[in-house]
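Visitor: I need the structure of the sequence given here:
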Amino acid sequence: MNKDKLIDYFDTMSPSENQKERMKRDIIAHQQVPAKVMKKGRNRKRTTVSIGTIGFSLAIILLLSFLNPFGGNDITYGINFIHSNGTSIKMEDYRDSYENYENGFSTSVSKIESRPDLEFYIEGENIAKIEMESENEYLYAVDWTETQHEKFWNTEYFQDFDEEKQISIFYPEKLYDKKLTMEFDKDFTEYDQIWYRWFAWDLYEWAAENDFAQFTPQGHIDITGYPEDLLKDTITITITNRNGEVTTQEINIEISNEVHNELLRTIVTASLSTE
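Guide: Sure, this is the predicted structure:
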């Protein structure tokens, strides 16, 4: 099935246009299959991936995850940190908020994630600038407002699609970075419509070496042999409001393995520093 037919399937489905667009982007993000490990100071390699039957199957899985009528595994966002100026950070978690958050609030999340990542967004008023920096892994964003850099809202900026070969060519250096800056004009208010994402790209590429040697049959990453210090990361978030007040917050992230029913799983745990 080619890309156009896949998109046609989305157009006949019931989610909102925003949900459809998010799923399309998630399909692309989950289908990046890197060839070699990206080292610091070295040009990152182009990546190719087929968008065929696998892509359509993933589309259905993603659709079910969005429309899940049974509950229990819905994505929730805990309000993890609220500053005195009203700015808040919300992190993605797959747990039931009523069972796992006291009054809907939490300072940490933990989730099973075969491709370790973390999604969060920021709410507030009169924010002039948001700056982020990751110590080890990489950051990017999904900008529904289309007010920031094109790479955050136009997937064609960081990938090409070869219609003849039916493969997407992904250029990670055009999307991922260790630093990220968003600046907002005086009338901007839709801060929560920009979703920030941390992605363990270096770990993924390491696991993909030698014909995906570190991946389990279920698609999770066995972190055995990976440098322990690189399994932890810190995102430093600096928020400046229009009055010049600066708020700094850190998200601490750790990747681990656990065995459940004799199957190894990759776990991402994240917590906001409390001062």
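
Visitor: give me the beta-bridge partners of Ile237?
Guide: In this entry, Ile237 is beta-bridged to Met132, Gln249, by DSSP bridges.

Visitor: roughly how far apart are it and Glu163?
Guide: Per CB to CB, to the nearest Å, Ile237 is found 40 Å from Glu163. Every C-beta, even on glycine, is put in place using the N, C-alpha and C of the backbone.

Visitor: Show the average pLDDT along stretch 168-187.
Guide: Across stretch 168-187, the average pLDDT comes to 95.

Visitor: right, I mislabeled it, should have said stretch 247-258
Guide: 96.

Visitor: Which of the residues in stretch 259-275 are classified as buried?
Guide: Leu264, Arg265, Thr266, Ile267, Val268, Ala270, Ser271, Leu272 (16 or more other CB atoms under 10 Å).

Visitor: would TSV of those with pLDDT, secondary structure and distance to Ile251 be doable?
Guide: Output for the buried residues of stretch 259-275, formatted as TSV (pLDDT from 0 to 100; DSSP: H, G, I helix; E, B strand; the rest coil; distance: CB to CB, whole Å):
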residue	pLDDT	secondary structure	distance to Ile251
Leu264	96	strand	25
Arg265	96	strand	22
Thr266	97	strand	18
Ile267	96	strand	16
Val268	96	strand	11
Ala270	95	strand	6
Ser271	93	strand	7
Leu272	90	strand	6
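
Visitor: Tell me what Ile194 is bridged to.
Guide: Per DSSP bridges, the residues bridged to Ile194 are Asp143.

Visitor: Please identify which of Ile237 and Glu163 sits among more neighbours.
Guide: Of the pair Ile237 and Glu163, Ile237 is the one with more neighbours under other CB atoms under 10 Å, namely 21 against 9.

Visitor: Am I right that the more buried one is in contact with Leu272?
Guide: No - using CB atoms under 8 Å, Ile237 is not in contact with Leu272, being 9.2 Å away.

Visitor: hey, what's in contact with both of these two?
Guide: Residues touching both Ile237 and Leu272 (CB atoms under 8 Å, 6 or more residues apart in numbering): Ile89, Gln249, Glu250, Ile251.

Visitor: For these, work out which two are farthest apart.
Guide: Greatest spatial distance in the shared contacts of Ile237 and Leu272: Ile89 and Glu250, 10.3 Å, computed using CB to CB.
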